[in-house]
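Visitor: build me a model:
(one chain, ligands or ions: 2)
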Amino acid sequence: IPKDHRLTKVLLGDVGAGKSSLVLRFVKDQFVEFQESTIGAAFFSQTLAVNDATVKFEIWDTAGQERYHSLAPMYYRGAAAAIIVFDITNQASFERAKKWVQELQAQGNPNMVMALAGNKADLLDARKVSAEEAETYAQENSLFFMETSAKTATNVKDIFYEIAKRLPRV
Ligand code: GTP
Ligand code: MG
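Guide: Numbering: from 1, shown residues only. Ligands and ions are numbered 1, 2, ... in the order given. Okay, here's the model as predicted:
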């Protein structure tokens, strides 16, 4: 008999990295070129079958603008998993992602599953952060790393599923 699970995830990352676009792709299979910057945070939910279980993903899409930084703990404290998003065409967004990892390691739930998403993988010509650099960083910090594209949908479902598979009892 399938078991039911609730799984709260939080997306963190620099402004414009593509957090809202990843959630929109995952939940509605849509992409918009001019996605508005998130104010505060937005909540989404999606029920999916993962292995033999039904998992209700509850997703907090946080705002990357610095003025909302102080709100972030409200969203990551209760989360079982985090996706830290950066933009592969923007080195500063990768540095910002590392800061989020440090903050979660210091303040977050110690059992939290963390994923690093190198988003905008469709923009290969504009790449500034190599996959090797991000993969090395992820391994050193016990994260798992995937390059994603909200635009083409590459690896979007995969990163959400992979987290669910890594959680105990799911
Ligand atoms: P904040 O809410 O301000 O923190 O930003 P965000 O991380 O939610 O970024 P958002 O999803 O709003 O995306 C910012 C811009 O990048 C939008 O214009 C998107 O269309 C674009 N974008 C997001 N993901 C991708 C992607 O995978 N590829 C490309 N080419 N553009 C993307
Ligand atoms: Mg957003």
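Visitor: please enumerate the strands of the protein.
Guide: Ranges of strands within the chain are 4-13, 41-50, 53-62, 81-87, 113-119, 144-147, based on DSSP state E.
Visitor: are the last one and ligand 1 in contact anywhere?
Guide: Spelled out, that is strand 144-147. No - Strand 144-147 lies out of reach of ligand 1 by Cβ under 6 Å from any ligand atom, never closer than 9.6 Å. Yep, even glycine has a C-beta here, placed from its N, CA and C like the rest.
Visitor: please save the CA atoms from that strand in CSV.
Guide: What follows is strand 144-147 as a C-alpha-only set of coordinates in CSV (Å, rounded to 0.1, in the frame of the first residue of the first chain):
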residue,chain,number,x,y,z
PHE,A,144,24.2,17.0,-5.2
PHE,A,145,24.6,19.0,-8.3
MET,A,146,22.7,19.2,-11.5
GLU,A,147,22.6,21.6,-14.3
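Visitor: run the chain-centre distance for that strand.
Guide: With Cα atoms, centre = their mean, to the nearest Å as the basis, strand 144-147 stands 10 Å off its chain's centre.
Visitor: report the rounded mean pLDDT for stretch 28-45.
Guide: For stretch 28-45, mean pLDDT is 96.
Visitor: check stretch 134-144 too.
Guide: Mean predicted lDDT for stretch 134-144 stands at 97.
Visitor: repeat for stretch 84-92
Guide: Per-residue scores along stretch 84-92 average to 98.
Visitor: check which residues of it are buried.
Guide: Buried residues in stretch 84-92, counted by 16 or more other Cβ atoms under 10 Å: 84, 85, 86, 87, 88, 89, 90.
Visitor: these: which two are farthest apart?
Guide: Maximum pairwise distance in these, criterion Cβ to Cβ, is 16.7 Å, between 84 and 89.
Visitor: brilliant, that's me finished.
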